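K.L.:
Sequence first, then the predicted structure:
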Amino acid sequence: MLEWLRRMIRQHYEMLAYLFFGGLSTLLNLVLYLLFKAMFGYEAANSWGNVLDTLLCILFAYGTNRTWVFRSKTRGAEALAEFAKFFTCRLGTLVMDAVIMFVGGNLLGPALVSVQWLGLWGFGVKVFSNVLVIVFNYIFSKLIIFKDKGNDPPA
């Protein structure tokens, strides 16, 4: 049984590592959203706070994806180009996230739910947006950013 588990982890390491570190990045994103909402209010958390927390999470995600998920060995100019691709793709999903948060949180939320449920609605929109962002970010990372890096699973 233990050997089977080791084989499954080795076989699916990249996906499991991506889900683990993506989960940590998502948790960080949600905690920052709630923190910004508590400190600056609902609309700020859904606008500039959302952008700021996403930028912080991009830095966290690059470090974890590069080091532990895709185990990139690039250095120098190649590493800089890799970061530029990562950042560009993440900016794309940031735009998607910002649109979802603005439309779902700031426009639809007040129109669809009462004020006492608005915070829960906004958090639900944030979770929905994060699911879409995770899927698109994995696709971009696998097919564009870290492709052909010789990312063998750990022995």
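P.N.:
Everything's here; your move.
K.L.:
In the helix or strand containing T54, which residues are buried?
P.N.:
For T54, the host element (DSSP states H and E) is helix 48-64. Within helix 48-64, the residues scored as buried using 16 or more other CB atoms under 10 Å are G49, N50, D53, T54, C57, I58, A61, Y62, T64. Yep, even glycine has a C-beta here, placed from its N, CA and C like the rest.
K.L.:
so which of those residues comes closest to G22?
P.N.:
The shortest separation between G22 and any of those is 7.5 Å, and it belongs to A61 (by CB to CB).
K.L.:
residue contacts, the closest one?
P.N.:
By CB atoms under 8 Å, 6 or more residues apart in numbering, A61 lies in contact with F21, G22, S25, F86, R90, N137.
K.L.:
Now do the longest helix along the chain and helix 48-64, the angle between them.
P.N.:
Counting by DSSP state H, the longest helix found in the chain is helix 13-40. Here helix 13-40 runs at 150 degrees with respect to helix 48-64, directions being taken by axes from the mean of the first three to the mean of the last three CA atoms, to 10 degrees.
K.L.:
got the buried residues for helix 13-40?
P.N.:
For helix 13-40, the buried set under the neighbour-count rule, 16+ other CB under 10 Å, comprises 13-14, 17-18, 21-22, 25-26, 29-30, 32-34, 36-37.
K.L.:
With stretch 59-78 instead?
P.N.:
Buried residues in stretch 59-78, defined by neighbour count with 16+ other CB under 10 Å: A61, Y62, T64, N65, R66, V69, F70, R71, S72.
K.L.:
quick one: secondary structure of I139?
P.N.:
Classification of I139 using DSSP: H, G, I helix; E, B strand; the rest coil returns helix.
K.L.:
related to what we said a few turns ago, out of the buried residues of stretch 59-78, give me the two with the largest separation.
P.N.:
The widest separation within these (CB to CB) is 14.8 Å, between A61 and R71.
K.L.:
picking that back up, mind picking the one among the buried residues of helix 13-40 that's closest to K147?
P.N.:
Using CB to CB, E14 is the member of the buried residues of helix 13-40 that lies nearest K147, at 11.9 Å.
K.L.:
okay but the closest one is in contact with W68, surely?
P.N.:
No. Under the contact definition of CB atoms under 8 Å, E14 does not touch W68, with a separation of 9.9 Å.
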